[in-house]
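> predicted model follows, preceded by the sequence.
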Amino acid sequence: MDRHGSVFLGTILIGLGGIFLLRAIDVWPDDVSTWPGVLIVIGVAILIDQILKGRGISWLAPLLLIGLGAFFLQRDIEAIDSDFLVPGLLIAAGILVIVSSLRDRPVRSDVIDVPLESARRARVKIDHGGGELRVGSLALGSRSLCIGSGYGLEQRVKRSGDRIDVSLRQAHGSWMRLRRRDFVADLNPEVDLELEFNTGATDTRIDLESLMVSSLQLKTGASSTRVVAPRQGHTRATVDAGAASVTFVIPDGVAARIAADTGLAEVKVDTRRFPMMGGVYESPDYDLAVDRLELRIKGGVASFTVS
């Protein structure tokens, strides 16, 4: 049974159970017919099903059933305790409003394009609460610093000389509309970048291999995160993770020094490439390497893999 079928059947069962409960506690007297109430329950179940499916014209049938049930029920309406009637109608109306707000709607996807102009350096901060986050590279020669897409994007841009500061985040929608907020961002590979990511319960994939990144800060919560380090230049990176699973991939030819301050976290490092020396994992040629990564790992109960 699919989701809509389950909602329909569940509404029928709850409605019929409610009728029999009202009879049992003498709110619905014995001399008031039950079948008009059954019509109303079936009509409400169909109406909720149609709302969830996003249909409009097919609301006619459930509204007709509800109307017929109410028409036949009104003959005995005086026998029903009026103290329960108005609250019951308000509860029913509230349920319909809530169900309507939870209905699947097309997710608005915003596109942002931050022009490069004369910038040679950039600081980019991305805040992402939940869903999927994908970060990659624009093509060489791009006239944009960043092109991104996602639901409800907000951006702040500040320029000073050849430097540009960009802050990207996704606005929080109505608390009733619980849906994934996926976010894709591609960055210019010819600009010196300082990157900061703050993520929550996300599935995060950050591919920096083709980018020039001098600084990387990643703070993440209960996420699954995979980061590919830059292939060129000297990068200083800090990863601070909560109950997360983090994989950090270091391309071949890039030297690395890895320091871990992780408490209860599990850390797995490829010690063939990065043997332990003096309390840190370090490439034998780290001090002489041009392309190198300085990585500091901090975490609570996270799982880290560096390969």
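Arrived safely.
> switch to C-alpha atoms for all contacts and neighbour counts from now on
Noted.
> tally of neighbours for residue 133?
Neighbourhood size, residue 133 [other Cα atoms under 10 Å]: 22.
> my read: it touches residue 200, true?
No: using Cα atoms under 8 Å, residue 133 is not in contact with residue 200; the gap is 10.4 Å.
> can you give me the helices for this structure?
Assigned helices in the chain, in chain order: 3-24, 35-53, 60-73, 82-102 (criterion: DSSP state H).
> contacting residues around residue 246?
Each residue near residue 246 by Cα atoms under 8 Å, 6 or more residues apart in numbering is listed here: 223, 224, 225, 226, 227, 302, 303, 304, 305.
> at 10 Å what do you get?
The contact partners of residue 246, taken as Cα atoms under 10 Å, 6 or more residues apart in numbering, are 204, 220, 223-227, 239-240, 267, 302-306.
> before we move on, the earlier item: anything in contact with each of residue 133 and residue 200?
Jointly contacting residue 133 and residue 200 under the rule Cα under 10 Å, 6+ apart are residue 127.
> okay, domains of the chain per the record?
As assigned by automatic domain parsing, the chain contains the domains 3-102, 110-306.
> now the last one: average pLDDT?
Which is domain 110-306. The pLDDT scores in domain 110-306 average 84.
> how far does it stretch from start to finish?
Criterion Cα to Cα, to the nearest Å; first-to-last residue distance in domain 110-306 is 34 Å.
> from now on call the first residue 34
Sounds good: first residue 34 from here, last item domain 143-339.
> name the nearest residue to residue 188, ignoring sequence neighbours.
residue 201 (4.6 Å; Cα to Cα, 6 or more residues apart in numbering).
> what separation do you get for that neighbour and residue 164?
From residue 201 across to residue 164, the span is 15 Å (Cα to Cα).
> likewise for residue 278?
The spacing between residue 278 and residue 164, counted by Cα to Cα, is 15 Å.
> then residue 299?
25 Å.
> higher neighbour count, these two?
Each of residue 299 and residue 164 has its neighbours counted (other Cα under 10 Å); residue 164 has more, 17 against 14.
> is it true that the more buried one touches residue 233?
Yes: contact criterion Cα atoms under 10 Å: residue 164 and residue 233 qualify, at 8.7 Å.
> now for the two: what residues contact both?
Common neighbours of residue 164 and residue 233 (Cα under 10 Å, 6+ apart) are residue 256.
> hmm, back to that, ranking the helices of the chain by mean pLDDT, which is last?
Taking the mean pLDDT of the helices of the chain, helix 115-135 comes last: a mean of 56.
> understood, closing this out.
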